[in-house]
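Visitor: sequence? don't have it. structure:
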């Protein structure tokens, strides 16, 4: 009886819960995509119908989620090895790889076509390129090949505000490139901090992260260099047409704090980090999330002030 | 005879169907909202749907 019962009731391919399929879309990454795309849309000049704006955000998020599913399809072997990812739907066996591929492809198509119909085809083309970049350029090629994987691959995560801006304006401009650059430069220190406290995860999976190929002291140096390059870019954006007093104050405070964190990481070695269980690296990583949300939140706050006639520049 | 409690497998399948149903209802709502927004926003753009020529639809030419 037990054999027959277990074969009937044990989870099989196609028997995953709804939540398992939702988790394929990487909901936590999606919150970042939604927030930055919304910022791009809000700070763009001109008015967009609220329903069109809402639909644009939904389909940008869906496209981001679809690329997450395609990433999980391709990276199932790596995800099964890394502690951080081994409980994901595909490596844990709750969702079959082929299902992840089907979900990813179907949602990519729906998201791009619907964004084109809801907003415009420039935004849809940017979304299609983002999915292509994340899945083919980053996941299939860069991730397993070069320690520059997340430097170049970070571009995929940097596109959402540009897509939001394009959804509102129908094109690309210097302001949307600045928002892109902000996320692009923020990504390496964010991920390298994570790689430092994930210890041997990436090495075990054979992913050539910087800490695996060039060592951990080099990774600490790189975090400091990229953070130092990020700061003038982030503060300089305050003086563009999308910046304002709120953004300037937030950018100055946050970048000083971020630089201080990067300096602390640079000054430490692994013996110290092991002794306190990577508390500085973990704090820096957590702060980097607030950093990005605060910058884009401040841009939206300044856009709101300008709309109400309280803008200073 | 009372029905037995649903097996966890059936609960999971029900949850999945319910989730998909809600997603589809949401999609229909977004499509409906978009249609209302687009038609209301630019009524002029749908002129000519009945293939009847109107003078105001003709491109302006220099006199």
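Guide: That came through fine. All of these numbers come straight from a predicted model, not from anything done at the bench.
Visitor: hang on, isn't residue A:229 packed against residue A:186?
Guide: No: taking C-beta atoms under 8 Å as the definition, residue A:229 is not a contact partner of residue A:186, at 10.4 Å. The C-beta positions use only the backbone N, C-alpha and C, and glycine is treated the same way.
Visitor: Neighbour count for the two, which is higher?
Guide: Comparing residue A:229 with residue A:186 by neighbour count (other C-beta atoms under 10 Å in any protein chain shown), the higher total belongs to residue A:186, at 24 against 13.
Visitor: Now for that one: which residues touch it?
Guide: Residue A:186 makes contact with A:154, A:230, A:288, A:291, A:292, according to C-beta atoms under 8 Å, 6 or more residues apart in numbering or on different chains.
Visitor: what helices or strands is the strand or helix carrying residue B:9 leaning on?
Guide: Here residue B:9 sits within helix B:8-41, counting by DSSP states H and E. In terms of contacts (3 or more C-beta pairs under 8 Å, 6 or more residues apart in numbering or on different chains; DSSP states H and E), helix B:8-41 is packed against helix A:2-9, helix A:18-24, helix A:50-74.
Visitor: Tell me how far whichever residue of chain A sits closest to chain B lies from residue A:103.
Guide: The minimum distance from chain A to chain B, using C-beta to the nearest C-beta, falls at residue A:18 (3.2 Å). In this view, residue A:18 and residue A:103 are 12 Å apart by C-beta to C-beta, to the nearest Å.
Visitor: Same check on residue A:171?
Guide: Going from residue A:171 to residue A:103 by C-beta to C-beta gives 31 Å.
Visitor: With neighbour numbers in mind, choose between the two.
Guide: It is residue A:103, of residue A:171 and residue A:103, that has more neighbours when counted by other C-beta under 10 Å, with 21 against 13.
Visitor: so where does the more buried one fall, helix or strand?
Guide: Of the helices and strands defined by DSSP H and E, residue A:103 is found in helix A:97-118.
Visitor: which of the residues in that helix are buried?
Guide: Across helix A:97-118, burial judged by 16 or more other C-beta atoms under 10 Å in any protein chain shown covers A:97, A:99-101, A:103-105, A:107-108, A:111-112, A:114-116, A:118.
Visitor: So which elements touch it?
Guide: helix A:18-24, helix A:50-74, helix A:121-132.
Visitor: Residues contacting that helix, please?
Guide: A:13-14, A:16, A:21, A:24-25, A:52, A:55-56, A:59-60, A:62-63, A:65-70, A:72-73, A:76, A:89-90, A:123-124, A:127-128, A:131, A:135, A:163, A:167, B:34.
Visitor: among those residues, which ones are buried?
Guide: A:16, A:21, A:24-25, A:52, A:55-56, A:59-60, A:62-63, A:65-70, A:72-73, A:76, A:89-90, A:123-124, A:127-128, A:131, A:135, A:163, A:167, B:34.
Visitor: what's the spacing between stretch A:144-163 and its chain's center?
Guide: 9 Å (C-alpha atoms, centre = their mean, to the nearest Å).
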